[in-house]
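Asker: Any chance you can model this:
(one chain, ligands or ions: 1)
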Amino acid sequence: MSEQTLIIIKPDAFERKLIGIILSRFENKGFLIKELKSYIFTKEKAEEFYSDHKNKPFFSELVSFISSSTVVACILEGDNAINIVRQMIGSTRSFEAQPGTIRGDYGLGITNNIIHASDSNESYIKESNVIFT
Ligand code: CMP
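Answerer: Residues are numbered from 1 along each chain as shown. Here you go, the predicted model:
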């Protein structure tokens, strides 16, 4: 079933000039880039985007990191996009992510873990509305 999902390529990947190589992985897999923009989170937009984590001890670190520099936001479309994109990005803790996944190949951090992807259709709708409206 064709679906859409949102990815955010995070400030660490932007600063390391990994945008092109990460986007090409999704194109090579067969996903269509439906929307693409570079974006700078304000603190308020970052708090809205990550509101599910607002009671977590790492929330302020997460908000501060995601708003620290440019990100690239992208809506991808294709069969089972939500699940497959999550598989492609790998475990949240990059140092545990499998080689061959994006975090496994490019990351070592948790907060600075290269990329975010929506984990459900509900999250996709909420998260994409923060950035693309
Ligand atoms: P992301 O996929 O963007 O979704 C929520 C983010 O919270 C996650 O990636 C990590 O960057 C961050 N995160 C999750 N767990 C921790 C943690 N224990 N400490 C710091 N940041 C975390």
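
Asker: So which bits of the strand or helix carrying Lys126 are buried?
Answerer: Following DSSP states H and E, one finds Lys126 within helix 121-132. Neighbour counts over helix 121-132 (16 or more other CB atoms under 10 Å) mark 123-124, 126-128, 130-131 as buried. (Glycine included, C-beta is placed from N, CA and C.)

Asker: Make CSV from the residues you listed and add pLDDT to it.
Answerer: Formatted as CSV, the buried residues of helix 121-132 follow (pLDDT from 0 to 100):
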residue, pLDDT
Ser123, 98
Tyr124, 98
Lys126, 98
Glu127, 98
Ser128, 98
Val130, 98
Ile131, 97
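
Asker: element containing the residue nearest the centre of the chain?
Answerer: Relative to the mean C-alpha position of the chain, the nearest C-alpha, by CA atoms, centre = their mean, is the one of His116, at 2.1 Å. Here His116 sits within strand 115-117, counting by DSSP H and E.

Asker: What strands flank that strand, and is each parallel or antiparallel?
Answerer: In the sheet, strand 115-117 lines up against strand 2-9 (antiparallel) (DSSP bridges).

Asker: which element follows the strand it pairs with toward the C-terminus?
Answerer: helix 11-15.
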